[in-house]
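S.K.: compute the structure for the input listed below.
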Amino acid sequence: MEQSDRVATAPPSRGWFYLHRGLLLLLGLLGLGQAVLGGWLLTLGGTPMHLVCGLLLLVAAWLGFRASGRAEAWGAGLAAVIAIGWAVAEIAGKGWMPSWIIDFASRVALVLVLLAAVLAASAMARHRPGHWARRAVGGALAICLLLVGGLVALLWERPEDPARTAVRTPLPANTAEVTNTAENWRAYAGSNLGRHYSPAAQITPANVHQLQEAWSHRSGDTAPNDRVFYSSQNTPLKVGDSLYFCSSSAQVFALDPATGEQRWHYDPATPAGAMESLFSVACRAVGHHGAPGEAACSERIFAATADGRLIALDARLGQPCEGFGTAGVVDLTEGMGLRDPGFASNTSGPAVVGDFIIIGQQVSDNQRRDSPSGVVRAYDARSGALAWAWDAHRPDAQAPLAPGEIYPRGTPNVWNVISADESLGLVFLGTGNSGADHWGGDRTEAEDRFTSAIVAVELATGATRWSYATVQHDLWDYDIGAQPTVLDIPIEGQLRRAVLLGTKTGSLFLFDAATGEALRPIEQRPAPQGATLSAERLSPTQPQSTFYPNFAAHPGPEPERIDARHTFGISPLDAAWCRIQFHQMRYEGIYTPPVAGEHGMLLFPGTIGGINWGGVGVDNGRLIAITNHSRLPNHVVMVPRAEVTDVAVGDGGARPDQEVAPQANTPYGVKRPIWFSPLDMPCIAPPWGYLAATDLASGELLWSRPLGTAFDTGPLGTPLRLRIQVGTPNIGGPLLTASGLTFIAAAQDNYLRAFQTETGRLLWTARLPAGGQASPMTYVHEGRQYVAMVATGHSRLETTTGDHLVVYALAER
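M.R.: Predicted coordinates for the structure are as follows:
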């Protein structure tokens with residue numbers, strides 16, 4: 001019977017026959033690869049399912065080659081059922097993450113498409129035109145396309161109807177102090193309090209969908225060569241009738257706030273060689289001091305360059321102020337013993353507090369234990385004279401350096417934006433690590449005290465008032481990236497002046513601004529122990545803030561701990577490869593100790609956090625904090641000194657040439673790439689980035705959602721052009737307004753978005769000409785509110801690079 005059936009349905013087309021055979025070959029190769037990787041995974045103690053599924057695909061291909069249509073269908077169906085069942089079981093077992101549909105599709109799509117294509121080609125090859133099986137193929141294809149289209153439409157990011165989302169919540173009568181007015185934006189985050197908040201309220205949830213581009217400006221500043229990685233990360237200032245911003249190489253521009261017309265431009269001619277030592281060449285902010293007057297330089301703009309210059313410019317003319325330092329320049333390399341231009345420099349901009357300029361610096365990570373000092377210095381804003389210099393190893397910040405003396409080497413630095421509260425006379429510093437991030441066997445007690453810490457120093461003297469280390473003996477590069485935020489909050493019925501600090505470890509710490517008293521509970525949690533590096537030590541516990549949600553990865557009460565079910569791939573092969581790596585690496589949750597050896601350890605959260613330099617936005621009236629954070633691990637491998645051949649900065653080396661960061665003068669170098677698959681995709685399932693809102697009074701997580709789509713990213717760096725909400729890694733901060741709006745870009749796709757602060761509903765999007773790895777700002781000028789966004793991209797984050805400042809407003813009436 002079977003033989004006569006074959007004769008009656010002889011293949012009508014050799015083309016379909018050969019296509020069927022080719023697809024079977026692909027199916028067999030996929031099954032063979034998955035089976036081999038699955039067997040390897042099984043020897044490591046992993047799941048047997050990759051082996052099982054690979055063998056099932058091989059069986060399905062073998063049945064197809066035997067030309068038994070019914071058996072072929074049964075084999076393919078069984079393989080599909082097993083793959084779907086396994087995917088559902090693992091996704092449910094780890095909790096239904098916000099992007100679980102994408103996780104599910106990545107697990108089964110390739111297999112199901114290939115199996116379906118095999119069966120369809122088989123039907124077309126076995127039956128003549130007009131046969132019901134051929135018609136069924138066409139109908140099945142149409143149904144599949146409708147299902148896929150519906151799924152994409154369901155996941156597609158689109159703004160919501162403003163008529164449904166515009167909840168008009170009035171501000172409380174006792175709205176807390178705001179130091180920046182609607183007309184001005186005087187510092188990186190609006191003011192030195194670091195809130196990223198404006199009282200401007202002309203743009204509301206009800207009309208934000210009507211925003212349109214008002215004007216744009218291009219700086220013309222692009223990377224001088226492929227060894228310099230640009231990412232300006234700038235937030236403009238608006239003071240009086242001018243808008244001021246800086247480009248990556250610290251070129252400064254003054255523009256008309258209404259039209260974007262350029263009033264002046266100052267180019268400090270930063271040498272390309274000085275920028276090679278920087279991970280990203282940034283100029284997050286300029287500083288402003290003074291007020292308009294008749295005298296030259298009565299109003300000043302300050303900028304810092306990668307080669308160590310602090311420059312004062314006349315705010316009206318853009319010319320250096322002769323009375324400041326030497327011909328308008330203070331030499332920041334003095335006392336640093338740099339060894340190499342750009343080894344230490346300021347990228348976050350000077351904080352102008354009263355009549356002081358407070359300036360920290362980035363020090364190129366993991367180059368050498370005796371790297372330049374992490375000193376923070378204060379200068380007189382008029383003369384440029386040094387007022388004090390704070391450092392972990394300088395008990396007296398006002399003590400002058402002796403002739404030929406340099407600041408202590410290798411101490412924790414302050415690379416992020418500095419905050420201050422003039423009413424308390426305090427400056428708030430978020431510190432990084434000592435000279436080597438991942439080995440601290442010789443760190444002093446003072447270094448550990450001031451590593452990954454918040455430090456309150458006196459504005460007048462630089463003396464330490466209080467400090468708190470958010471990580472004890474940090475070996476993970478969990479430095480403080482976020483600017484500390486000063487706010488007023490009721491605690492047990494009393495209004496307290498507080499400092500809110502977001503960290504890469506995901507904690508939101510709340511301290512009394514004057515005393516450092518913890519205003520919300522902090523628990524010392526046991527940390528992983530066991531074998532680690534030579535001559536190293538581990539802290540038995542690590543601090544965790546427990547009142548607020550944790551934003552180390554997936555928002556929740558505890559830092560997320562992943563397992564093998566969280567691994568990700570867009571095919572069974574790269575998924576199995578990532579799972580093999582997971583089982584080979586050391587991983588015991590957050591604070592897993594770094595180890596030497598071929599396979600290293602999994603660092604999660606990774607080096608970009610958690611919460612990074614974009615900071616925390618605070619609506620002090622509504623007592624809501626807005627945070628954006630990434631969810632991306634690193635694969636950290638400690639390389640014994642004898643195997644490190646890369647040369648450190650200061651010994652003739654340069655960062656672009658290094659595969660291993662040398663950490664000279666320690667027992668180990670380090671490799672710490674983002675944990676990617678061979679297809680250049682993260683090895684954990686999305687979301688890879690979030691936006692969230694927290695009620696600061698109750699500690700409740702009000703909402704969270706993935707931030708960013710797959711429009712400008714994809715496998716092997718190929719943009720998918722799909723606005724599917726996957727949640728991408730994000731760098732940059734939010735902007736909050738009194739009307740209840742949160743603006744943010746930050747994600748790897750080139751969009752600026754507006755959300756309703758209280759609900760998280762997306763209300764508006766605008767396509768940017770380049771990546772928006774910066775924080776937006778807003779101002780009111782001549783009665784019209786504007787929203788400004790610098791879009792220059794981020795070379796290291798592989799977003800679209802450019803030189804744009806784009807400004808939006810409602811249509812003029």
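S.K.: what is the rounded mean pLDDT of stretch 520-533?
M.R.: Stretch 520-533 shows a mean pLDDT of 94.
S.K.: next one: stretch 155-171
M.R.: 70.
S.K.: check stretch 702-720 too.
M.R.: Mean predicted confidence for stretch 702-720 is 95.
S.K.: and it, end to end?
M.R.: Stretch 702-720 has an end-to-end distance of 31 Å (CA to CA, to the nearest Å).
S.K.: and if you look at stretch 322-342?
M.R.: End-to-end distance for stretch 322-342, by CA to CA: 25 Å.
S.K.: one more: stretch 210-230?
M.R.: Between the opening and closing residues of stretch 210-230 there is a gap of 32 Å (CA to CA).
S.K.: check which residues of it are buried.
M.R.: By 16 or more other CB atoms under 10 Å, the buried positions in stretch 210-230 come out as 211, 214-215, 217, 219, 221, 223-224, 228-230. In this view, the C-beta of every residue, glycine as well, is placed from N, C-alpha and C.
S.K.: let me know the closest of those residues to residue 276.
M.R.: Nearest to residue 276 among the buried residues of stretch 210-230: residue 228, at 6.0 Å, using CB to CB.
S.K.: per-residue pLDDT, the closest residue to the closest one other than its chain neighbours?
M.R.: Closest residue in space to residue 228, ignoring its immediate chain neighbours: residue 275 at 4.6 Å, by CB to CB, 6 or more residues apart in numbering. Confidence at residue 275, expressed as pLDDT, is 95.
S.K.: right, and residue 275 touches residue 342 too?
M.R.: Yes. Assessed by CB atoms under 8 Å, residue 275 is found in contact with residue 342 at 6.0 Å.
S.K.: are there residues contacting both of the two? Which ones?
M.R.: Taking CB atoms under 8 Å, 6 or more residues apart in numbering as the contact rule, residue 275 and residue 342 both touch residue 306.
S.K.: low-confidence ranges, this structure, go.
M.R.: 1-13, 67-69, 128, 130-138, 140, 163-179, 813 (pLDDT under 70).
S.K.: so who does residue 181 touch?
M.R.: Shown in contact with residue 181 (CB under 8 Å, 6+ apart): residue 199.
S.K.: from residue 781, how far out is it?
M.R.: Using CB to CB, to the nearest Å, residue 181 is found at 12 Å from residue 781.
S.K.: residue 160 now?
M.R.: Residue 160 is 29 Å from residue 781, by CB to CB.
S.K.: for the stretch 351-500 of the chain, which segments count as helices?
M.R.: 445-449 (DSSP state H, counting those that start in this stretch).
S.K.: just the strands in it please.
M.R.: In the stretch 351-500 of the chain, the strands defined using DSSP state E, counting those that start in this stretch lie at 351-353, 356-359, 362-363, 376-380, 386-390, 419-421, 426-430, 453-458, 464-469, 485-491, 494-502.
S.K.: which helix or strand contains residue 25?
M.R.: helix 14-43 (DSSP states H and E).
S.K.: buried ones in that helix, by neighbour count?
M.R.: Of all the residues in helix 14-43, those buried under the rule 16+ other CB under 10 Å are 16-17, 19-20, 23-24, 27-28, 30-31, 33-35, 37-38, 40-42.
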